[in-house]
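# model the following, please.
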Amino acid sequence: MANNKPSEQASKKSILAHHLLPAFGSKRLDQITGNDVEELKAALLGKKKSAKRVNNVLNVLSKILRYAVEIELIDRCPMIKTLKVAPQKFDFFTFEDFEKLVLASTEEQDWHAAIVTAGEAGLRLGELLALEWGDIDFRNGILTVIRNDWRGWIGAPKSGRDRKIPLTLRATRALKAIRHLKGKLVFCWEDGSRWTNSTMRAGLKRQQKRAGLRITGWHVLRYSFCSHLAMRGAPAVAIKELAGHASIAVTNRYMHLSPGELRNAIALLEIGRQVGDSAENRA
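You can find the predicted model right below:
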């Protein structure tokens with residue numbers, strides 16, 4: 001677990017404390033059987049845990065047992081089969097609702113800048129909290145995501161690597177409008193101290209109420225960023241790089257929103273056939 005980010009460590013410790021120790025705390029690792037695993041799975045489902053949550057628990061158990069085999073603490077581990085998980089649904093604002101939120105937030109410049117940066121640059125909540133003025137190149141209109149704030153712990157972004165995002169003119173103007181000398185952080189209190197997750201949730205809720213919109217978390221603005229790009233016809237690989245997704249599979253969740261994606265693919269066959277027909281006619 002030493003190589004895991006703090007958020008991953010906290011998640012695994014929680015799974016160990018709340019699920020694995022209560023289920024297997026009295027057993028030795030080499031006494032855990034496949035039937036025990038199936039009983040754990042059934043117990044979790046009986047408590048109305050989602051398939052994704054059950055799989056998270058099973059994956060932590062699997063890693064523990066495989067590591068025990070690796071260091072020769074036990075000879076073998078039982079087969080652990082995870083559940084099938086339905087494709088993740090994600091919420092996002094329509095273009096119209098996003099514009100309502102942007103307009104409503106102009107009454108508070110800091111929140112306006114945060115909302116536009118999240119919705120038009122795709123930053124995660126922790127990336128907004130950790131954003132520093134040195135990460136923004138106003139001359140070239142580029143924002144570099146270098147770090148993430150998880151409950152006050154500053155580390156690398158979720159993907160583990162930096163990413164550069166060209167800023168929209170609106171995002172550039174909004175960020176320039178709040179430039180300050182309070183400290184290196186872009187979004188902070190008057191004394192330069194960090195905003196927290198609770199600060200961010202309360203601020204967004206206030207803007208959403210003012211705009212007459214449903215109350216959501218900051219992740220919906222990031223989902224809106226990816227969704228709007230797909231709806232405007234941006235290629236999956238570009239969305240992947242801009243959003244900092246770990247794999248194209250994550251990006252593909254948004255691509256069904258791209259209206260011309262399938263049509264453009266079929267058009268390639270038409271072009272190919274026309275080229276072939278033309279070559280045959282010349283022959």
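# now the helices for this structure?
In the chain, the segments counted as helices under DSSP state H are 6-15, 21-24, 34-46, 51-70, 95-104, 109-121, 125-129, 169-177, 197-211, 219-231, 236-243, 248-251, 261-282.
# which residues sit against the second one?
Same thing as helix 21-24. Helix 21-24 is contacted by residues 32, 36, 39-40, 43 when judged by Cβ atoms under 8 Å, 6 or more residues apart in numbering. Heads up, the C-betas are built off the backbone N, CA and C, glycines and all.
# please name the residues that touch the spatially closest residue to Ile15 that is not a sequence neighbour.
With Cβ to Cβ, 6 or more residues apart in numbering as the measure, Val60 is the residue that lies nearest to Ile15, at 4.7 Å, once sequence neighbours are left out. Shown here is Val60, whose contacts under the criterion Cβ under 8 Å, 6+ apart are 12, 15-16, 20.
# how near is the closest residue to Leu175 other than its chain neighbours to His19?
Taking Cβ to Cβ, 6+ apart as the measure, Leu175 lies nearest to Ala113, with 5.3 Å between them; neighbours along the chain are not counted. With the distance defined as Cβ to Cβ, to the nearest Å, Ala113 ends up 41 Å from His19.
# the residue nearest to the spatial centre of the chain and Leu131, how far apart?
For the chain, the residue nearest the mean C-alpha position is Arg124 (6.6 Å; Cα atoms, centre = their mean). Spatial separation of Arg124 from Leu131 under the definition Cβ to Cβ is 11 Å.
# likewise Ala86?
Ala86 sits 34 Å away from Leu131, taking Cβ to Cβ as the criterion.
# between the two, which one's more packed in?
Leu131 (27 against 8; other Cβ atoms under 10 Å).
# show me what contacts the more buried one?
The contact partners of Leu131, by Cβ under 8 Å, 6+ apart, come to 117, 123, 143, 145, 185-187.
# ok, now Cys226?
92, 122, 239, 243, 251, 254.
# can you pull the contacts of the residue nearest to the centre of the chain?
Remark: with contacts taken as Cβ under 8 Å, 6+ apart, Arg124 is in contact with 148, 157-158, 218-219, 222.
# number of nearby residues for the spatially closest residue to Asp30 that is not a sequence neighbour?
Across the structure, with Cβ to Cβ, 6+ apart as the measure, the residue nearest Asp30 apart from its sequence neighbours is Ile74 (4.3 Å). When counting by other Cβ under 10 Å, one arrives at 17 neighbours for Ile74.
# got the contact list for stretch 7-20?
Among residues not part of stretch 7-20, those counted as contacts by Cβ under 8 Å, 6+ apart are 1, 4, 40, 44, 56-57, 60-61, 64, 150-151.
# which among those residues end up buried?
For the contacts of stretch 7-20, a burial check counting by 16 or more other Cβ atoms under 10 Å picks out 40, 44, 56-57, 60-61, 64, 150.
# among those residues, which one lies nearest to Leu101?
Trp150 (25.1 Å; Cβ to Cβ).
# ok, the closest one to Pro87 distance?
Counting by Cβ to Cβ, the gap between Trp150 and Pro87 amounts to 26 Å.
# now do the same contact list for the nearest residue to Asn252 once chain neighbours are set aside.
Leaving aside its sequence neighbours, Asn252 sits nearest to Ala236 (Cβ to Cβ, 6+ apart; 6.2 Å). The neighbours of Ala236, taking Cβ under 8 Å, 6+ apart as the test, are 230, 248, 251-252, 255.
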